[in-house]
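> Coordinates for the following, if possible.
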Amino acid sequence: MKNKWLKVIALGVLLGGMALATPTTSVFAANGPDYTGNETIKNERLHNYEEMSEYLDKLDQRSEALDLEVFGQSNKGRDLYLAKFGNQEDNPTILYLTQQHGNETLTTEGALQFIKHLTSNSKNVRELLDNVNILVVPRLNVDGAEGDVNFSLDDYVAGTHTRYNANGIDLNRDHVDKNEPETEAFHENVIQKYNPDYLIDLHHQGTQTTLGDTDELVSGSILFPTNPDVDPEVVEKSKQLGAVLYNSIESKGFGTISKYVGGTAPTIGRNGIALEYGISTLLFEMRGMADHYYEDYVLGQKSNGYLIRQAVISLEETAQAIADGSIAEADTSFWDTLPESSYNRSSE
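Prediction:
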């Protein structure tokens, strides 16, 4: 996939001066988590499938660090992408997964910015990739993200994105049977092939999620595997991963994190992947969705900036903590007092 004849130059300079089809970047002003509007996100500010594919291909052609792989196809025949950085067997590996649900878009925008950052060839990035292998699956549910499904979206606020894949299946309930081509390929060609040590599964939740009994809106919620059969050591390492993410967001001053209230079913990625493979997993639910049949789940574009930045920070900081080993010292006691999310509905 990589055009070997292209000379690799300093991407920090090159990308800064060239347009790489980046509809959503940090140029959009960040708005704090107290924003309560519910207008729909403007699709032109997001990477559609074609734009995402072009974006990844261009980065792949220009970077020796990035190995872009197609690991499967969706129900509708769209390629599923894996961005790989580092290939050292002795290094720990972290896998980031976005958009199992097609209407949860900004996590993917953050992941694309993170991938671009890792192609910069800066000294810090080189040192990072000397010590950790990083895998990114940006957008597993490529059909739902395009609204290209075998059912009507007339009852959705915008009618452009859906939680479900083309067959109307929730991919985050398919991690035991693996009946859908997206989840089957993800397990066989990513998890089983590369055997990551850590996984962060990035999602979005309803806009009006609050911190405990307060009226304070959260920017995100986190949770470790809660299935009782998951190895306690795996759970503890998952909690450490959560501690790193929590501290990285809270320390920036614009994010407020709660404890997600989630189930124990092994069909959910957070539980099933930890249970089946012994991988330490963390769910990260950011605020708001691009489209939904519940109007109060949808968050408009005014919150794009801080939510995308929050995603980027979470990826950068967790990768760094794994690379430098500081994750092993992460204090997990905060989980005991972290207020739970409060909302009328749950959507993991």
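
> Show the residue spans covered by the helices in this protein.
11-14, 49-62, 106-118, 123-129, 142-146, 181-186, 192-194, 232-250, 269-277, 304-324 (DSSP state H).

> Apart from its neighbours in sequence, what residue is nearest Ile134?
Phe85 (4.3 Å; C-beta to C-beta, 6 or more residues apart in numbering). In short, each C-beta sits where N, CA and C put it, glycine included.

> And for that neighbour, the neighbour number?
Using other C-beta atoms under 10 Å, Phe85 is surrounded by 21 other residues.

> okay, the helices of the chain, which one's buried deepest?
helix 142-146 (a mean of 27; mean count of other C-beta atoms under 10 Å).

> Show me what the residue nearest to Ile134 bridges to in the sheet.
Leu66, Ile134 (DSSP bridges).

> So it sits against Arg126, correct?
No - between Phe85 and Arg126 there is no contact under C-beta atoms under 8 Å: 10.7 Å.

> if we can go back for a sec, for the residue nearest to Ile134, which residues are in contact?
Contacts were defined as C-beta atoms under 8 Å, 6 or more residues apart in numbering; by that measure Phe85 touches 65-67, 118, 129, 133-136.

> how does it look with 7 Å?
65-66, 118, 129, 133-134 (C-beta atoms under 7 Å, 6 or more residues apart in numbering).

> related to what we said a few turns ago, want to try TSV for the helices of the chain, with distance to Thr93 and mean pLDDT as columns?
Formatted as TSV, the entries for the helices of the chain read as follows, by distance: least, C-beta to C-beta, whole Å; pLDDT from 0 to 100:
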stretch	distance to Thr93	mean pLDDT
helix 11-14	23	34
helix 49-62	19	98
helix 106-118	14	96
helix 123-129	12	98
helix 142-146	23	96
helix 181-186	15	99
helix 192-194	6	98
helix 232-250	13	98
helix 269-277	12	99
helix 304-324	9	93
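
> of all those helices, which lies closest to Leu95?
Distance to Leu95, taken as C-beta to C-beta, is lowest for helix 192-194 among these, at 7.3 Å.

> next one: the closest one to chain centre, how far?
19 Å (C-alpha atoms, centre = their mean, to the nearest Å).

> heads up, I number from 41, so please use that
Got it, the first residue is 41 from now on, which makes the last one we talked about helix 232-234.

> what does that helix contact?
So helix 232-234 is contacted by 133, 175 (C-beta under 7 Å, 6+ apart).

> who's in contact with Leu180?
Leu180 neighbours (C-beta under 7 Å, 6+ apart): 120, 137, 139-140, 211, 222, 226.

> Separate out the buried members of the residues you listed.
Taking 16 or more other C-beta atoms under 10 Å as the criterion, what is buried in the contacts of Leu180 is 120, 137, 139-140, 211, 222, 226.

> mind listing which of the residues you listed are in strands?
When these are checked against strands (DSSP state E), the matches are 120, 137.

> want to try TSV for the buried ones among the contacts of Leu180, with distance to Lys277 as columns?
Formatted as TSV, those follow (distance: C-beta to C-beta, whole Å):
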residue	distance to Lys277
Leu120	27
Leu137	17
Gln139	25
Gln140	22
Leu211	25
Glu222	27
Phe226	21
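
> Which of the buried ones among the contacts of Leu180 sits closest to Gly112?
Of the buried ones among the contacts of Leu180, the one sitting nearest to Gly112 (C-beta to C-beta) turns out to be Leu120, at 4.5 Å.

> What is the neighbour count of the residue nearest to the closest one when sequence neighbours are not counted?
Leaving aside its chain neighbours, Leu120 sits nearest to Gly112 (4.5 Å; criterion: C-beta to C-beta, 6+ apart). Counted with other C-beta under 10 Å, residues neighbouring Gly112 total 21.

> Which residues lie in contact with Gly112 in this structure?
120, 221-222, 225, 229.

> and what of Pro132?
Here Pro132 is in contact with 172, 237, 362 (criterion: C-beta under 7 Å, 6+ apart).

> Okay, the closest residue to His227 other than its chain neighbours and Ala225: tell me how far apart.
The spatial neighbour of His227 that comes closest, neighbours along the chain excluded (C-beta to C-beta, 6+ apart), is Lys218 at 5.5 Å. Separation of Lys218 from Ala225 (C-beta to C-beta, to the nearest Å) stands at 9 Å.

> how near is Leu251 to Gly295?
With C-beta to C-beta as the criterion, Leu251 and Gly295 are 11 Å apart.

> the more surrounded of the two?
The neighbour comparison of Leu251 against Gly295 (other C-beta under 10 Å) goes to Gly295, with 24 against 20.

> Please list all residues in contact with the more buried one.
73, 259-260, 289, 350.

> repeat that for 8 Å
Taking C-beta under 8 Å, 6+ apart, one finds 73, 259-260, 289, 346, 350 in contact with Gly295.
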